[in-house]
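Pasted the sequence and its predicted model underneath.
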Amino acid sequence: MLNRRSFATALIAAVILPGAAFAQAQTPSAATIQRQLESAPRMRLNQNQRVTVGEFKRRPDLRRAAPSIDIQSINFEFASAEIAPSQYRKVQNIADALNGILRRDRRARVLIEGHTDAVGSFQSNQVLSERRAESLKRVLVRQFGVPARALETVGYGKEFLLVPTQNENWRNRRVTLRRIDSFLR
């Protein structure tokens, strides 16, 4: 239940920063997620240039070339990786998109990247981002029936900030979905 102070803070934030409040609450539709992940990669690899999942995770050039979408609307409690059931409606859009992609191409593979903001140590952010990516995968598999074989996870901590700041910024706390099957051996 909201107390007066949190309600007033939320109201002020919505008036002063309406775009920020809207962006955090909005999850892209399943159709938007699917369209984004089914778009053509920015680079094509010959069969002999393809890499393992582990190699892909360490290659920023390949990450940038893969179709992707940032999801900033899944809210985690401070220092927590658990996705509350209240967030499942948002995860449903992701699951619907992934299941749609997998109906068209059973070999599709998607990398779930966890990201944090810059507050805290490198190590704690690294571990937290890995746990958040795993948590999303677990919910997608257990609650929404997305095949585990289609999902890989990685945490990048504060390595790839969208907003370059050492301060707290919600835009940096996100998961990124990245379609990787056309890069894999």
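Received the coordinates, thanks.

from here on, contacts and neighbour counts on C-alpha atoms
Noted.

Next, Ala81: phi, psi?
phi -110, psi 0 (degrees, to the nearest 10).

and if you look at Glu113?
With angles defined as degrees, to the nearest 10, Glu113 sits at phi -100, psi 130.

and Arg64, what helix or strand is that in?
Under DSSP states H and E, the secondary-structure element containing Arg64 is helix 60-65.

Residues contacting that helix, please?
Under the criterion C-alpha atoms under 8 Å, 6 or more residues apart in numbering, residues 41-43, 56-57, 178, 183 lie in contact with helix 60-65.

Pull out the buried members of these.
The neighbour-count criterion (16 or more other C-alpha atoms under 10 Å) marks 41, 56-57, 178, 183 among these as buried.

would a markdown table of the contacts of helix 60-65 with pLDDT, distance to Leu111 and secondary structure be doable?
Putting those into a markdown table (pLDDT from 0 to 100; distance: C-alpha to C-alpha, whole Å; DSSP: H, G, I helix; E, B strand; the rest coil) gives the following:
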| residue | pLDDT | distance to Leu111 | secondary structure |
| --- | --- | --- | --- |
| Pro41 | 97 | 14 | coil |
| Arg42 | 97 | 16 | coil |
| Met43 | 95 | 17 | coil |
| Phe56 | 98 | 10 | helix |
| Lys57 | 96 | 9 | helix |
| Arg178 | 98 | 5 | strand |
| Phe183 | 98 | 12 | helix |
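
got CSV for these, with distance to His115 too?
Output for the contacts of helix 60-65, formatted as CSV (distance: C-alpha to C-alpha, whole Å):
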residue, distance to His115
Pro41, 22
Arg42, 22
Met43, 24
Phe56, 17
Lys57, 13
Arg178, 13
Phe183, 22
